[in-house]
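Trainee: Prediction below, plus the sequence it came from.
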Amino acid sequence: MDQLKELREFADQQGIAYAANEPLKKYTSFHIGGPAALFCRPADQAQLAGLLNFCRRQGVRSFVLGMGTNVLFSDEGYEGAVISTRGMREEIGGEGDCLTAGCGVPLNRLCQAAAGRGLGGLEFAYGIPGSLGGGIYMNAGAYGGEMKDVLEEVRFLDEEGCVRTLPAGELGLGYRASVFAQKPWYILEARLRLKPATADQVQKKMEELLARRKEKQPLEYPSAGSTFKRPEGAFAAALIEQCGLKGYRVGDAAVSEKHSGFVVNLGQATCEQVLQVARDVQRIVQEKTGYLLEKEIRVIR
């Protein structure tokens, strides 16, 4: 692709690190995915915005990748530029009961920063293995909390390449949904509003929730977290187990024996094997219960 050659030249000019044909399985929690034609590693938000604007102007297909914990890349890889926010130089700031952080900051790091400042309300996110940007994109949540509960505003790059800021109430935040999943907008930074608490209280709650995760979730195997969204009036894991699908397997992709809401990689699972397990589960659950399960993981081809 001539566009990718131009992107490499642009990256060289801007001092942006990149690699050609980089295996994406190295950067996803599923450990699945073929090579990215170009894998870019911006050092900061300015380089990230520069790359995104260049790709938009030149018609280069691009995908912004955070911690890679809710995505499943094709076995054939990605014909375009994957832009990784992992490793960007980003500080956590703020004052009073607010925290400000960039899109690439891991949620665990953000939670620890909140605890260190005596701020509560973000404990639910401790143990969610994603970045702040990814958490906002899907309105991540657990144990009764969601990002929309603590999010105040987001600074982002819009489809015209302009930096804008919108309050949380205008971001379409719902169950595993946000406006960022509907529009070609890219999260740069966010501000959270938390509540005063003692560091010990916050740390204790985070450790309790992390212990619950380790007890109930198959963290010993690669996965992308919960494979299916919670259907209205039911729970995906309970429906899957009710249908006798715990342990159901295609190749090395399997419904977890520990938590049937997870499809896990037992060793050398491929994207197609994971998708086949998901399709079979959807079909059987619908046939037996009437519920149609919707995938929560993002499939990138």
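Mentor: All right, it came through fine. Numbers count the residues shown, from 1 in each chain.

Trainee: where along the stretch 101-250 of the chain do the strands fall?
Mentor: 119-120, 141-142, 145-146, 151-157, 163-167, 186-193, 195-196, 223-226, 249-250 (DSSP state E, counting those that start in this stretch).

Trainee: Distance from the chain centre to the second one, please.
Mentor: What it means is strand 141-142. 13 Å (Cα atoms, centre = their mean, to the nearest Å).

Trainee: Which one of the strands of the stretch 101-250 of the chain lies nearest to Gly87?
Mentor: strand 186-193 (15.9 Å; Cβ to Cβ). The way it works is simple: take the backbone N, C-alpha and C, and place the C-beta from them, glycine included.

Trainee: Tell me what angle the closest one forms with strand 151-157.
Mentor: 160 degrees (axes from the mean of the first three to the mean of the last three Cα atoms, to 10 degrees).

Trainee: For strand 186-193, name the packing helices and strands.
Mentor: With contacts taken as 3 or more Cβ pairs under 8 Å, 6 or more residues apart in numbering; DSSP states H and E, strand 186-193 sits against helix 45-58, strand 98-102, helix 132-137, strand 151-157.

Trainee: partners of it, with directions?
Mentor: strand 98-102 (antiparallel), strand 151-157 (antiparallel) (DSSP bridges).

Trainee: now these as TSV including distance to Asp280?
Mentor: As requested, the strands paired with strand 186-193 are exported to TSV (distance: least, Cβ to Cβ, whole Å):
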stretch	distance to Asp280
strand 98-102	40
strand 151-157	36
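
Trainee: thinking again about what came up before, in CSV: the strands of the stretch 101-250 of the chain, plus distance to Lys5.
Mentor: As requested, those are exported to CSV (distance: least, Cβ to Cβ, whole Å):
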stretch, distance to Lys5
strand 119-120, 47
strand 141-142, 42
strand 145-146, 42
strand 151-157, 24
strand 163-167, 28
strand 186-193, 23
strand 195-196, 51
strand 223-226, 32
strand 249-250, 39
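
Trainee: Out of the helices and strands packed on strand 186-193, which gets nearest to Arg8?
Mentor: helix 45-58 (10.9 Å).

Trainee: I would like the residues contacting that closest one, please.
Mentor: By Cβ atoms under 8 Å, 6 or more residues apart in numbering, the residues outside helix 45-58 that reach it are 3, 6-7, 10-11, 14-16, 40, 42, 60-62, 64, 81, 83, 85, 88, 90, 102-103, 157, 159, 161, 163, 184, 186, 188-189.

Trainee: any chance of the strands paired with strand 186-193 in TSV, plus mean neighbour count and mean pLDDT?
Mentor: Formatted as TSV, the strands paired with strand 186-193 follow (neighbours: other Cβ atoms under 10 Å; pLDDT from 0 to 100):
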stretch	mean neighbour count	mean pLDDT
strand 98-102	21	97
strand 151-157	21	98
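
Trainee: Out of the ones you listed, which is closest to Phe124?
Mentor: strand 151-157 (12.7 Å).

Trainee: can you give me the angle that closest one makes with helix 45-58?
Mentor: 50 degrees.

Trainee: Could you give the separation of strand 151-157 from the chain centroid?
Mentor: The answer for strand 151-157 is 16 Å, by Cα atoms, centre = their mean.
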